[in-house]
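S.K.: I need the structure of the sequence given here:
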Amino acid sequence: MEAFHNLLKSMDGMLGGAWWFPYVLLGTGLFFTIYLKFPQVRYFKHAWKVVTGKYDKADSPGDTSHFRALTTALSGTVGTGNIGGVAFALFLGGPAALFWMWATAFFGMTTKFVEVTLSHKYRDKTPDGTMAGGPMYYMDKRLNMKWLAVAFAVATVISSFGTGNLPQSNSIATSIESTFGFDPLLVGSILGILLALVILGGITRIAAVTSKIVPLMALIYVVGALTVIFANLENVGPSFVSVFADVFTGSAATGGFLGATIAYAFNRGVNRGLFSNEAGQGSAPIAHAAAKTDEPVAEGMVSILEPFIDTILICTITGLVILSSGVWKEKHMNTFDRTDMYILAGDYVESSQEDKQTLYAYINGIEGHGVTDFNGEIQVINGKAVSKGFTIFNARSFADNVVFSLGEPEDNFTGTLKVVDGNLVKDNIIVRGESLIHSASLTALAFTKGFFGESGKYIVSVGLLLFAFSTAIAWSYYGDRAMTYLFGPRSVMPYRVVYVAGFVWAAVSDTTLVWTLSAVAIVVMTLPNLFGIFLLRKEMKDSVAEYWTKFNKENK
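M.R.: Below is the predicted model of the structure:
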């Protein structure tokens, strides 16, 4: 299993983690933005009119309305990435990461317009009477690339578990346990039952539920976020300035925050932008294929709104909460995750500017830093290290007031700890101390800096529950449409049963392997989709022209 995990990490490094992937993603959006003459700006107002049903026709083929198709797709994109993903991007790339998320969303609005239009155009009506669509259909029916369509569909099924199911369940269970103390298995079981009641009803019930959950969860989260922003209003202006300043200068190595290079911020911001709004990934077109319309371009215009709502609105609000509250570059007492903690050889001192610059180079992968992992033993008395020759580095920061314990945090350890390649050998040792924090924990802390005080963290917990649960609902539909393409309608019910079982299991399981598998599957979805829509660029341009000719004729 470890060898398989290492293989997946290597593949992720060659694909999603590769330097060229953000350029391919942004480049495709930039190309179509210019090629179609900025449709995300020109058609923005028209898109709102379409989604409100102004041009609906009662006899149009499909399973659900424009609005419900939009909320279903949004429920798949508005998820843990909007809460923890933004925090993680800022943690890794500094304020500039938010700018690159905006850029990804702006150009992604066009990418999504194209992929949804083409996928809707080549959708199929299945034997059970429901619509099925997505990139695999235009790859098969229009490009005659069956092998590519199959690869995309398989990757979609894998991602439905790795993105929309297992990690979402695990995030909900962990958050609810830490905030309210409920047993993860109980949480997973209850939500698993609710998930089954929703997805077993198919797209009609899924769309009906998401059309209610998405507006509610967005309202709760945005109201809570605005209380923090208004409480720290004097910091909002400087926060915006830091976003744009860091795009050109990179984050400075000051305070507890060691910053990021310009290239690192760009890479992390673009990748997180994709994970948030999924523009180019090919997932949202599956939901939009169910919309009742005989005009694929009209549904494509509806999808323009997704990256705007998901990233430019919700992710920006999260980013401003974190930046204006100041918690993103402050150290806080926390339990160190082994994946975030490094024990480095040498006695580095945070007050030394030279040492800070050395570790700045280390965490940003700049050659010549000279930092090596510690190998040896650490002598500990009553939880405190008494030996020298090493530095504990956690979450991109110097760790302070570190305590080693067994089991409960107050059960301080005394003895010798062996360290190999910068990692503790003993698995049962709990390490706590002051360092930077990231992901949902950082967002939850930022929400306590508003008018609600400590109660603000509950908004994040409730928001995380609703966001993650709705994501699981949407991705179940993406997976069952992919299964329909691969094996026919009869495969859908077994898939849904396994999907629900996986959701319950993940509440009490380690999903690190699944996250890595999903990261690879996302790229396997994205690259062929971008390639396919580029091949159909002329058809897309002609389709838009034909739509406006027909629209203008019918609405004189």
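S.K.: going forward, measure contacts and count neighbours with C-alpha atoms only.
M.R.: Noted.
S.K.: which of the helices or strands spans Ile172?
M.R.: helix 166-180 (DSSP states H and E).
S.K.: elements contacting that helix?
M.R.: helix 184-199, helix 456-487, helix 492-506, helix 512-535 (3 or more C-alpha pairs under 8 Å, 6 or more residues apart in numbering; DSSP states H and E).
S.K.: what do you get if the cut-off is 10 Å, keeping everything else the same?
M.R.: The contact analysis (3 or more C-alpha pairs under 10 Å, 6 or more residues apart in numbering; DSSP states H and E) places helix 166-180 against helix 80, helix 146-162, helix 184-199, helix 439-447, helix 456-487, helix 492-506, helix 512-535.
S.K.: report the buried residues of the longest one.
M.R.: Put plainly, it is helix 456-487. Neighbour counts using 16 or more other C-alpha atoms under 10 Å place 456-486 of helix 456-487 among the buried residues.
S.K.: let me know the angle separating that helix from helix 439-447.
M.R.: Counting by axes from the mean of the first three to the mean of the last three C-alpha atoms, to 10 degrees, helix 456-487 lies at 150 degrees to helix 439-447.
S.K.: Ala218 and Phe467, how far apart?
M.R.: Using C-alpha to C-alpha, to the nearest Å, Ala218 is found at 9 Å from Phe467.
S.K.: ah, wrong one, I meant Ser543
M.R.: In terms of C-alpha to C-alpha, Ser543 sits 34 Å off from Phe467.
S.K.: now do Gly326
M.R.: 25 Å.
S.K.: mind listing the helices for the stretch 1-150 of the chain?
M.R.: 2-14, 21-35, 39-42, 44-51, 66-77, 80, 86-93, 96-121, 135-141, 146-162 (DSSP state H, counting those that start in this stretch).
S.K.: the shortest one: how far from the chain's middle?
M.R.: In terms of C-alpha atoms, centre = their mean, to the nearest Å, the centre of helix 80 is found 6 Å from the chain centre.
S.K.: ok, now the fourth one?
M.R.: Remark: helix 44-51 is offset 26 Å from the chain centroid, using C-alpha atoms, centre = their mean.
S.K.: which stretches of the stretch 251-400 of the chain form strands?
M.R.: Remark: strands assigned in the stretch 251-400 of the chain by DSSP state E, counting those that start in this stretch are 332-335, 341-345, 376-381, 384-385, 390-394, 397-398, 400-406.
S.K.: okay, these in TSV with mean neighbour count next?
M.R.: Compiled in TSV, the strands of the stretch 251-400 of the chain are given as follows (neighbours: other C-alpha atoms under 10 Å):
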stretch	mean neighbour count
strand 332-335	16
strand 341-345	20
strand 376-381	17
strand 384-385	18
strand 390-394	20
strand 397-398	24
strand 400-406	18
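S.K.: ok but Thr416 is inside a strand, no?
M.R.: Yes - applying DSSP: H, G, I helix; E, B strand; the rest coil, one finds Thr416 inside a strand.
S.K.: start the count at 35 instead of 1 going forward.
M.R.: Yep, numbering from 35; the last one is Thr450 now.
S.K.: residues contacting the nearest residue to it once chain neighbours are set aside?
M.R.: Closest residue to Thr450 apart from its sequence neighbours, by C-alpha to C-alpha, 6 or more residues apart in numbering: Gln413 at 4.8 Å. Gln413 makes contact with Ala419, Val420, Ser421, Lys422, Thr448, Gly449, Thr450, Leu451, Lys452 under the criterion C-alpha atoms under 10 Å, 6 or more residues apart in numbering.
S.K.: among these, who's most crowded?
M.R.: Ala419 (19 neighbours; other C-alpha atoms under 10 Å).
S.K.: that residue against Asn446, yeah?
M.R.: No - at 11.2 Å, Ala419 does not count as touching Asn446 under the criterion of C-alpha atoms under 10 Å.
S.K.: shared neighbours of the two, anything?
M.R.: By C-alpha under 10 Å, 6+ apart, the residues touching both Ala419 and Asn446 are Val437, Phe438.
S.K.: per-residue pLDDT, the residue nearest to Thr450?
M.R.: Looking at Gln413, its pLDDT reads 94.
S.K.: and it, how far from Met559?
M.R.: 49 Å.
S.K.: likewise Met574?
M.R.: Counting by C-alpha to C-alpha, the gap from Met574 to Met559 is 20 Å.
S.K.: Arg466 - how many residues pack around it?
M.R.: Neighbours of Arg466 (other C-alpha under 10 Å): 20.
S.K.: give me the below-cutoff pLDDT ranges for the stretch 335-484 of the chain.
M.R.: 442-443 (pLDDT under 70).
S.K.: which helix or strand in the chain has the lowest average pLDDT?
M.R.: Scoring the helices and strands of the chain by mean pLDDT, DSSP states H and E places helix 36-48 at the bottom, with a mean of 56.
S.K.: Pro562 contacts Val184, doesn't it?
M.R.: No - between Pro562 and Val184 there is no contact under C-alpha under 10 Å: 11.0 Å.
S.K.: looking at the two, which is more packed in?
M.R.: Set Pro562 next to Val184 and count neighbours by other C-alpha under 10 Å: Pro562 wins out with 21 against 18.
S.K.: dump the residue contacts of that one.
M.R.: Pro169, Met170, Met173, Leu182, Ala183, Ala185, Phe186, Gly314, Gln315, Gly316, Phe568.
S.K.: confidence score at it?
M.R.: 89.
S.K.: then Ala92?
M.R.: Confidence at Ala92, expressed as pLDDT, is 68.
S.K.: what's the answer for the one 10 residues further on, then?
M.R.: Per-residue confidence at Arg102 stands at 76 (pLDDT).
S.K.: need the contacts of Pro562 in CSV with pLDDT, can you?
M.R.: Below are the contacts of Pro562 laid out as CSV (pLDDT from 0 to 100):
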residue, pLDDT
Pro169, 93
Met170, 93
Met173, 94
Leu182, 91
Ala183, 93
Ala185, 91
Phe186, 92
Gly314, 85
Gln315, 87
Gly316, 89
Phe568, 95
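S.K.: for the residues you listed, could you give me CSV that also reports neighbour count?
M.R.: Below are those laid out as CSV (neighbours: other C-alpha under 10 Å):
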residue, neighbour count
Pro169, 31
Met170, 33
Met173, 24
Leu182, 20
Ala183, 26
Ala185, 16
Phe186, 28
Gly314, 31
Gln315, 26
Gly316, 26
Phe568, 18
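S.K.: from these, which is closest to Gln74?
M.R.: Closest approach between the contacts of Pro562 and Gln74, by C-alpha to C-alpha: Gly314, at 14.7 Å.
S.K.: give me every residue that touches the closest one.
M.R.: 59-60, 62-63, 142-150, 308, 557, 559-565, 567.
S.K.: how does it look with 8 Å?
M.R.: Leu59, Gly142, Thr145, Lys146, Glu149, Leu308, Thr560, Asn563, Leu564 (C-alpha atoms under 8 Å, 6 or more residues apart in numbering).
S.K.: ramachandran coordinates for it?
M.R.: phi 100, psi -20 (degrees, to the nearest 10).
S.K.: on that earlier part again, Met574 and Met559: which has the busier surroundings?
M.R.: Between Met574 and Met559, counting by other C-alpha under 10 Å, Met559 is the more crowded of the two (25 against 21).
S.K.: what distance do you get for the more buried one to Pro330?
M.R.: Distance, Met559 to Pro330, by C-alpha to C-alpha: 21 Å.
S.K.: what of Thr160?
M.R.: The gap separating Thr160 from Pro330 is 18 Å, by C-alpha to C-alpha.
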